[in-house]
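>>> Pasting the sequence and the predicted model now:
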Amino acid sequence: MVTEATNVLGGKLENCCTSPMTGYYRDGKCNTGGGDFGAHTVCAQLTEEFLQFTKSNRNDLSTPVPEFNFPGLKPGDCWCLCASRWKEAMDAGVAPPVLLAATHALTLEYVSLDELKQHAADL
C-alpha cells in the first residue's frame, strides 16, 4: 500500500505549483523518492534575490531551456527547490518564502521546522 506523503507540519503534502509544473516527478508536488538525489522537497515562492543567488551558484533557474520543456522561472513563481540549496540561501540571507503545507517532511533532515517557519508564506 502506498502511503500519502506528509508535509513538515505533519499533514498531507499539498500541491506546490502546476503552472509552471514543478516537482521532481513534475506532478505539482514536492514529492521525493530514490532517484531524487537533490531532495527537491522545499516548496518556495521565488524572489529575484534568490534567483540571482542560485544563478551565481551555477544553477540558473530563470533562463528557459526549451529542449527540457523548462519555461524559466520568475519572481512569484512557486517551485520545488533542493533542500540543501534552500538552506544555502537561508545561510546567505536570501531564502525565498516557503509554503509549509506543500514542503515535504524529508526537508526536516536539512533544516529545522523553526527555520522554515521563520520564512513561511502560509502561516
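The structure has been received and is ready for your questions.
>>> What are the boundaries of the strands in this protein?
40-45, 78-82 (DSSP state E).
>>> Among those, pick out the one with the most neighbours on average.
Neighbour counts (mean count of other Cβ atoms under 10 Å) averaged over each of the strands of the chain peak at strand 40-45, with a mean of 28. Using the backbone N, CA and C atoms, a C-beta is placed for each residue, glycine as well.
>>> Is it possible to get TSV of the strands of the chain that adds distance to L61 and mean pLDDT?
Formatted as TSV, the strands of the chain follow (distance: least, Cβ to Cβ, whole Å; pLDDT from 0 to 100):
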stretch	distance to L61	mean pLDDT
strand 40-45	11	98
strand 78-82	7	97
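>>> what's the closest of those to T63?
strand 78-82 (14.0 Å; Cβ to Cβ).
>>> Give me the helices and strands touching that closest one, please.
Counting contacts by 3 or more Cβ pairs under 8 Å, 6 or more residues apart in numbering; DSSP states H and E, strand 78-82 packs against strand 40-45.
>>> re the thing from before, which one, of the strands of the chain, ends up nearest to L123?
Per Cβ to Cβ, nearest to L123 of the strands of the chain: strand 40-45, 13.2 Å.
>>> what angle do the closest one and strand 78-82 make?
140 degrees (axes from the mean of the first three to the mean of the last three Cα atoms, to 10 degrees).
>>> which stretches of the chain form helices?
Using DSSP state H, the helices of the chain run over 48-56, 83-91, 113-118.
>>> on that earlier part again, let me have the strands of the chain in JSON lines, extended by distance to T32.
JSON lines is the format used below for these (distance: least, Cβ to Cβ, whole Å):
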{"stretch": "strand 40-45", "distance to T32": "5"}
{"stretch": "strand 78-82", "distance to T32": "9"}
